[in-house]
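Q: Following is a predicted model, sequence given first.
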Amino acid sequence: MAVTVSAQSDDPHIVLADAVRQELESSSDFEAKLANMWDIYDTLTNLKVTEAEPYKYYYKGRELLDAATAAANRLINESMSEREELEWHLMAIELAMGRNLYWCEEVHEAEIRFMAALKLGLLAPKRQEKRYTFAIIDCLQQLANIWLERGDWTRAINFLLRSAHLYVAVEKKFENEQWESSDIVNLEKLKTLTIYGLARAYGVNLAGLLLTLLGGLRIGRLWKPNDVICVTMSLHDMFRCRGLGMLEHNMDASDDAAKDAPFDYREWARNAVSLADYYIGRGEFWTAEYLMHAARALSIEWPEKIGEKRSDEFVAEIWRDVGRFYRTRLEISKFHEKRNADECLALWRCNAEVKEKREVAENDLGLSWECLADDHLESRRVQWGSEQGFPENVSLNDGFLLLDEKSAVAERVVENGEPTDDDGMLAIHLSGETVVQPAICFPTIHGSIERAMQVHNRAFIEACGVVMDHRKHLTYCAKDFATARELFKVGQYFDQQALNVFVLDGYASDHVQTVQELARLHEALEYWEVDPSRVRALLKRRVKLLEPVLKEINPMVYVQFNRQLSFEIAEIYRQLAEGLLGPEGQYGPSNR
């Protein structure tokens with residue numbers, strides 16, 4: 001619904017917009033008037049607004065779009081010969097109106113306009129033309145974003161998969177038709193956004209995997225003027241990550257460009273941490289560690305590159321996540337101590353695949369036009385064609401469309417001198433004897449990640465002593481107290497770094513969570529300790545960590561933390577009092 005601004009306004013932009021709107025009341029020379037309208041509309045929507053009237057220029061722009069729609073409909077009624085071109089203009093107007101409404105937080109009305117634009121595009125006889133391709137994909141992504149925000153992942157996937165089908169159909173034309181390189185780059189960026197949306201939707205719809213590291217096409221490719229970081233990942237078979245991806249950081253000096261950049265390094269780093277959790281669940285800890293250090297490197301190095309001040313709070317958040325990872329390595333080593341490598345990996349991956357299959361529901365998804373306000377548009381029938389990229393129904397399992405043949409590859413550990421896969425993946429040289437080929441790589445920051453993994457695993461590998469047979473022993477797992485202690489030291493380092501920022505005065509919740517994480521790290525080390533006196537020392541150290549925090553926090557405000565800390569401390573005192581760390585007072589892994 002248009003909102004009228006007074007014609008007596010002294011704002012020159014409003015006066016000019018009113019003049020253009022009045023011109024559109026006449027149907028003569030429509031193409032020239034429409035081009036002028038778009039220029040004025042773009043100017044209006046890019047103007048700075050005040051807090052008192054945040055949508056002032058959007059409302060005025062909406063009046064221009066309404067006037068253009070009315071003029072186009074009049075011409076359609078007057079001359080059927082130009083209907084095809086006029087409906088193209090109507091599609092562009094509906095798409096712009098949808099964005100306008102969305103920016104003004106009128107989401108339901110925006111959805112209706114996006115659906116109208118989508119149907120006009122699908123009805124077009126020349127819908128395979130380049131201009132329709134971009135507009136239809138834009139509509140599909142806008143609708144998918146609306147449903148992602150509403151939390152309806154299945155409906156979001158419906159639109160995203162249609163975008164994927166269209167992209168695949170168009171990609172086949174690259175060799176047969178003359179597409180400019182800039183068009184191909186723009187189309188690949190749209191594919192990136194599609195994979196980003198699919199990653200979000202599948203991540204929640206399936207097994208909690210958040211693969212929002214953006215999908216792309218080629219490893220190591222650098223798009224100017226943006227820096228691009230590539231990542232291998234997959235959407236097929238629960239996204240066993242080996243499809244290709246990228247992170248775009250807008251390096252332009254323009255404030256508007258930075259504001260419009262869809263993702264930033266903080267979001268990317270958090271997504272890397274989430275993806276690491278997925279790999280942990282599959283027992284691929286070297287890949288998970290690679291992702292953790294990728295997040296750490298981005299959080300520290302990237303702000304300076306894009307002219308931002310580094311956020312100590314965000315860096316501390318990543319440090320705590322990295323510390324949690326090393327604690328998880330320590331805990332998982334207990335499981336491996338009683339089973340060989342094949343048994344561990346088989347069990348972990350079996351559990352992961354069972355969960356994936358249980359959560360994947362196969363069904364066909366169609367489009368409904370019932371929300372359209374235009375009854376005539378709603379009743380018009382779309383001619384579907386899967387070969388052209390316009391299937392009538394899509395399936396939840398169609399995500400594999402955007403993947404290559406190397407999509408489902410796990411990490412590999414090879415002895416120095418053994419060949420690695422010749423697929424463009426970069427390897428991590430942990431030591432002179434052991435080389436790891438992770439299931440994911442980021443060429444732009446690979447060097448920083450490799451150095452970090454070498455530094456933080458050097459003492460652990462040295463403590464392992466004789467080179468381990470990676471076919472029998474998982475190289476990331478501790479095998480005795482000496483190796484467990486080295487993992488403990490690394491985890492403790494990162495937790496303490498986080499505590500230097502997350503002080504109790506100002507970061508109460510983060511401080512408590514980090515202290516709890518540090519206490520759990522001590523608990524994980526207890527399993528490997530064989531000396532009863534040192535076990536008691538570890539228990540007392542946990543008490544010294546937790547008790548001061550319990551005394552400082554307000555139990556009326558931090559109710560949950562108060563309960564958790566009280567229980568943990570009580571449990572530690574019970575162990576100290578009863579001495580029940582092993583049968584008949586015997587300590588050590590063999591008795592656990």
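A: Arrived safely. Numbering: from 1, shown residues only.

Q: what are the ranges of the strands in the protein?
A: Ranges of strands in the chain, per DSSP state E, are 227-232, 244-249, 364-365, 394-395, 412-415, 428-429, 434-437.

Q: how many neighbours does Lys305 have?
A: Lys305 has 12 neighbouring residues, counting by other C-beta atoms under 10 Å. Using the backbone N, CA and C atoms, a C-beta is placed for each residue, glycine as well.

Q: now it: how far from Lys130?
A: As judged by C-beta to C-beta, to the nearest Å, Lys305 and Lys130 stand 34 Å apart.

Q: Show me where the stretch 151-300 of the chain has its helices.
A: Taking DSSP state H, counting those that start in this stretch, the helices of the stretch 151-300 of the chain run over residues 153-171, 181-205, 236-239, 255-260, 265-281, 285-305.

Q: Could I get the buried residue list for the second one?
A: Within helix 181-205, the residues that qualify as buried by neighbour count (16 or more other C-beta atoms under 10 Å) are 187-203, 205.

Q: shaky segments in the stretch 51-200 of the chain?
A: The stretch 51-200 of the chain contains residues with pLDDT under 70 at 80-81, 174-178.

Q: my bad, the stretch 451-592 of the chain
A: Scanning the stretch 451-592 of the chain for pLDDT under 70 picks out the ranges 466-472, 580-592.

Q: ranking the strands of the chain by mean pLDDT, which is last?
A: Within the strands of the chain, confidence is poorest for strand 227-232, with a mean of 28 (mean pLDDT).

Q: isn't Gln388 right up against Ala169?
A: Yes. Assessed by C-beta atoms under 8 Å, Gln388 is found in contact with Ala169 at 5.8 Å.

Q: In terms of neighbours, single out the busier of these two.
A: Taking other C-beta under 10 Å, Gln388 and Ala169 do not tie; Ala169 has more neighbours (19 against 14).

Q: Now the more buried one. Nearest residue, chain neighbours left out?
A: With C-beta to C-beta, 6 or more residues apart in numbering as the criterion, Ala169 has its nearest non-adjacent residue at 2.9 Å, and that residue is Gly389.

Q: Mind pulling the model confidence for that neighbour?
A: At Gly389, pLDDT is 81.

Q: what's near enough to touch it?
A: For Gly389, the contact set (C-beta atoms under 8 Å, 6 or more residues apart in numbering) comprises Gln128, His165, Leu166, Tyr167, Val168, Ala169, Val170.

Q: 6 Å - rerun?
A: Contacts for Gly389 were tallied using C-beta atoms under 6 Å, 6 or more residues apart in numbering; they are His165, Leu166, Ala169.

Q: what's the distance between it and Leu166?
A: The spacing between Gly389 and Leu166, counted by C-beta to C-beta, is 4 Å.

Q: Check Leu34 too.
A: Per C-beta to C-beta, Leu34 is found 26 Å from Leu166.

Q: So between these two, which is more surrounded?
A: Neighbour tally, Leu34 and Leu166, criterion other C-beta under 10 Å: the higher count belongs to Leu166, 24 against 19.

Q: so what's Gly61 up against?
A: Each residue near Gly61 by C-beta under 6 Å, 6+ apart is listed here: Tyr41, Leu44, Thr45.

Q: Recalculate using a threshold of 7 Å.
A: Tyr41, Leu44, Thr45, Asn100 (C-beta atoms under 7 Å, 6 or more residues apart in numbering).

Q: got it, and His511?
A: By C-beta under 7 Å, 6+ apart, the residues touching His511 are Phe502, Val503, Leu504.

Q: pretty sure Asp138 contacts Leu95?
A: Yes. Shown here, Asp138 and Leu95 form a contact pair, counting by C-beta atoms under 7 Å, at 6.4 Å.

Q: Of the contacts of His511, grab the buried ones for ChimeraX.
A: A single ChimeraX command is used to select the members of those judged buried by 16+ other C-beta under 10 Å:
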select :502
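
Q: ok, the contacts of His511 vs Pro443, which is closest?
A: The closest of these to Pro443 turns out to be Phe502 (C-beta to C-beta; 32.8 Å).

Q: Make sure that closest one is actually in contact with Ala316.
A: Yes. Contact criterion C-beta under 7 Å: Phe502 and Ala316 qualify, at 5.5 Å.

Q: still on that earlier bit, make JSON lines out of the contacts of Gly61 and add neighbour count and distance to Asp321.
A: Formatted as JSON lines, the contacts of Gly61 follow (neighbours: other C-beta atoms under 10 Å; distance: C-beta to C-beta, whole Å):
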{"residue": "Tyr41", "neighbour count": "24", "distance to Asp321": "44"}
{"residue": "Leu44", "neighbour count": "22", "distance to Asp321": "44"}
{"residue": "Thr45", "neighbour count": "17", "distance to Asp321": "39"}
{"residue": "Asn100", "neighbour count": "23", "distance to Asp321": "39"}
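
Q: Take the residues you listed and write them to JSON lines, including distance to Trp88.
A: Shown next, in JSON lines, are those (distance: C-beta to C-beta, whole Å):
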{"residue": "Tyr41", "distance to Trp88": "17"}
{"residue": "Leu44", "distance to Trp88": "23"}
{"residue": "Thr45", "distance to Trp88": "21"}
{"residue": "Asn100", "distance to Trp88": "19"}
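
Q: Of those, which pair is most distant in space?
A: The most widely separated members of these, counting by C-beta to C-beta, are Leu44 and Asn100 (9.9 Å).

Q: I'd guessed Leu377 sits against Gly121; true?
A: No. Counting by C-beta under 7 Å, Leu377 sits too far from Gly121 to count as a contact (11.8 Å).

Q: These two: which is more packed in?
A: Legend: neighbour count by other C-beta under 10 Å for Leu377 and Gly121, higher for Gly121 (27 against 17).

Q: residues contacting that one?
A: Applying C-beta under 7 Å, 6+ apart, we find Gly121 in contact with Met91, Arg127, Tyr132, Ala135, Ile136, Cys139.

Q: residues touching the fifth one, list them.
A: What that stands for is Ile136. Ile136 neighbours (C-beta under 7 Å, 6+ apart): Leu118, Gly121, Arg127, Leu166.

Q: would CSV of those with distance to Ser395 be doable?
A: Listed next are these as CSV, based on distance: C-beta to C-beta, whole Å:
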residue, distance to Ser395
Leu118, 20
Gly121, 22
Arg127, 22
Leu166, 16
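
Q: wait, which of those is closest to Glu87?
A: Gly121 (9.1 Å).

Q: how close does that closest one sit to Ala110?
A: With C-beta to C-beta as the criterion, Gly121 and Ala110 are 16 Å apart.

Q: Could you do Gly283 as well?
A: 44 Å.

Q: more crowded one of those two?
A: Gly283 (25 against 21).

Q: next one: phi and psi at that one?
A: phi 80, psi 20 (degrees, to the nearest 10).

Q: what's the answer for Tyr476, then?
A: phi -90, psi 0.

Q: Does Pro125 touch Arg83 like I think?
A: No. Contact criterion C-beta under 7 Å: Pro125 and Arg83 do not qualify, at 10.1 Å.

Q: Which one's more surrounded, those two?
A: Arg83 (13 against 10).

Q: so who does that one touch?
A: Counted by C-beta under 7 Å, 6+ apart, Arg83 has contacts Ile76.

Q: where's it relative to Glu331, distance?
A: 67 Å.

Q: before we move on, what about Leu90?
A: For Leu90, the distance to Glu331 - C-beta to C-beta - is 60 Å.

Q: Now for Trp319: which residues touch it?
A: So Trp319 contacts Phe494, Gln497, Ala498 (C-beta under 7 Å, 6+ apart).

Q: Just give the nearest non-adjacent residue to it, would you?
A: Spatial nearest neighbour of Trp319, excluding adjacent residues (C-beta to C-beta, 6+ apart): Ala498 at 4.3 Å.

Q: That neighbour: neighbour count?
A: Here the number of neighbours of Ala498 (other C-beta under 10 Å) works out to 28.
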